[in-house]
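In: sequence first, predicted model second:
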Amino acid sequence: MSAASTGVAVRAVDAGTGRELRMEVLRPHQPAGEPMYPLEEASSTAHYAALDPAGEVLSVGSVMPDRHPREPREHDWRVRGMATRPALRGAGLGGMVLAQLERHAREHGGARVWCNARRGARRFYEGAGFEVEGGEFEIPDIGPHFLMSKPLR
C-alpha cells in the first residue's frame, strides 16, 4: 500500500506545523518552542508536510536559499529539518516531502540542493540522488553528519 493510496497528501505548511515532530525526532534535548534553526521563519523558507486525511503530520521538511558551505554558488538551496514519525519510516513519506522541497527550490531558481545529513539518513538521501561530499563530521549535541548535495538542473 502506498502513501498516496491511504489519502496522504504533501502540502505547504507554516513553520510551526510539524515543529513538534521535528523536536521529538531531531532535537529532543532542545527546549520546546525555540526555533530549530536560523531562517526557519524567514519568508524565503518553504515548509512541506505529509499529512494524513485528519491533518496529522507524518513527515515534514524545509528548504531555503542558503549557500553551500564548501563551494558556495548562487542558486543554492538547503534542505533542513527532515523528520518522519519513526513507526512510518520506509513508507515513502520522507521521499514525498523531499521531492516537493526539491520542486519548490527548482521553481524558485534553485540549481543545487544540499544538506547536512545525519549518519542514519545517508542512505535515504543517496536514494534520492544526493552525493556525499567529504567525510563524516560531528555537530555538537546532535551527532555525526555528512555534507550531501544534488544538482537540480
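Out: Cool, got the structure.

In: is it true that Leu152 touches Ala111?
Out: Yes - if you go by Cβ atoms under 8 Å, Leu152 and Ala111 touch, sitting 5.6 Å apart. (C-beta placed from N, C-alpha, C; glycine too.)

In: residues in contact with stretch 25-35: which ones?
Out: Contacts to stretch 25-35, defined as Cβ atoms under 8 Å, 6 or more residues apart in numbering, come from residues Ala15, Glu20, Met23, Met36, Glu41, Gly81, Ala83, Thr84, Arg85, Pro86, Asp141, Ile142.

In: ok, and for that stretch, which residues are buried?
Out: Val25, Leu26, Arg27 (16 or more other Cβ atoms under 10 Å).

In: give me the distance between the second one and Arg123.
Out: Taking Cβ to Cβ, to the nearest Å as the measure, Leu26 falls 17 Å from Arg123.

In: contacts only, for Gly81.
Out: Gly18, Arg22, Leu26, Met36, Tyr37, Glu40, His47, Val60, Gly61, Ser62.

In: give me the number of residues near the first one?
Out: So the one you mean is Gly18. A count of nearby residues for Gly18, using other Cβ atoms under 10 Å, gives 25.

In: which secondary structure elements does the helix ranked longest in the chain contact?
Out: When the chain is parsed with DSSP state H, its longest helix is helix 93-107. With contacts defined as 3 or more Cβ pairs under 8 Å, 6 or more residues apart in numbering; DSSP states H and E, helix 93-107 has these neighbours: strand 9-13, strand 46-51, strand 57-65, strand 76-84, strand 112-118, helix 122-127.

In: quick one: it to chain centroid distance?
Out: Its chain's C-alpha centre and that of helix 93-107 lie 9 Å apart, by Cα atoms, centre = their mean, to the nearest Å.

In: low-scoring stretches of the protein, by residue?
Out: 1-5, 32-33 (pLDDT under 70).

In: can we see that at 90?
Out: 1-7, 18-20, 22-39, 41, 140-142, 153 (pLDDT under 90).

In: mind giving me the packing neighbours of the helix or strand hosting Met148?
Out: Using DSSP states H and E, Met148 sits in strand 143-151. Applying 3+ Cβ pairs under 8 Å, 6+ apart, we find strand 143-151 packed against strand 112-118, helix 122-127, strand 131-132, strand 137-139.
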